[in-house]
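K.L.:
curious how this folds, go ahead:
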Amino acid sequence: MNYWLVKSEPFKYSWDHFVEEGKSMWDGVRSYEARNNMMAMKKGDLALFYHSNEGKEVVGLAKVSKEHYPDPTTEDDRWVVVEFVPVERFPKTVTLAQIKADENLKDMALIRQSRLSVIPVKPEEFDHIVGLAHA
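P.N.:
Numbers count the residues shown, from 1 in each chain. Modelled structure (predicted):
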């Protein structure tokens, strides 16, 4: 299993909206690196759901329910989507400030590649963030 972090601006698509819908097609990604990360996702992989711009915090956990296929929002066949289902809203959010201040997360791609919307997460980073959310 692989672990990921996916970002969404809450005013565009929030965790609550995701839960209300019950599933989401992650579309509109127009970065080759983020697209390549989506193409590496497998059904059952877990992703941290991160509110970017407003909040700047990990708010919940999602699971890949359908692997990549062509993005129906464009005719350009270079772009793909992945489908997610919500798993859990975390009891406590984990803020970007917490992540930056945590020695265990200092090399996390979220910090090094802050503009990337779909980011791989190392298993130990994933476990640490989930632990912080449940502490």
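K.L.:
for the protein, which segments count as strands?
P.N.:
Counting by DSSP state E, the chain has strands at residues 3-8, 24-26, 46-51, 57-70, 80-95, 118-121.
K.L.:
in the helix or strand bottoming out on mean pLDDT in the chain, what's buried?
P.N.:
One helix or strand of the chain scores below all others by mean pLDDT, DSSP states H and E: helix 109-112, with a mean of 93. By neighbour count on 16 or more other C-beta atoms under 10 Å, the buried set for helix 109-112 is Ala109, Leu110. For every residue, glycine as well, the C-beta is placed using N, CA and C.
K.L.:
how about residues contacting that helix?
P.N.:
Residues from elsewhere that reach helix 109-112, judged by C-beta atoms under 8 Å, 6 or more residues apart in numbering: Leu5, Tyr50, Leu96, Ile99, Lys100, Leu105, Leu116, Ile119, Pro120, Val121.
K.L.:
can you do 10 Å?
P.N.:
The set of residues external to helix 109-112 that reach it, using C-beta atoms under 10 Å, 6 or more residues apart in numbering, is 4-5, 7, 37, 48, 50, 52, 56, 58, 96, 99-100, 105-106, 116, 119-122, 125, 129.
K.L.:
then that helix to PDB, C-alphas only?
P.N.:
This file holds the C-alpha atoms of helix 109-112, laid out as PDB (Å, rounded to 0.1, in the frame of the first residue of the first chain):
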ATOM      1  CA  ALA A 109       7.300  16.400   0.500                       C
ATOM      2  CA  LEU A 110       4.500  18.700   1.700                       C
ATOM      3  CA  ILE A 111       7.200  21.100   3.000                       C
ATOM      4  CA  ARG A 112       9.700  20.600   0.200                       C
END
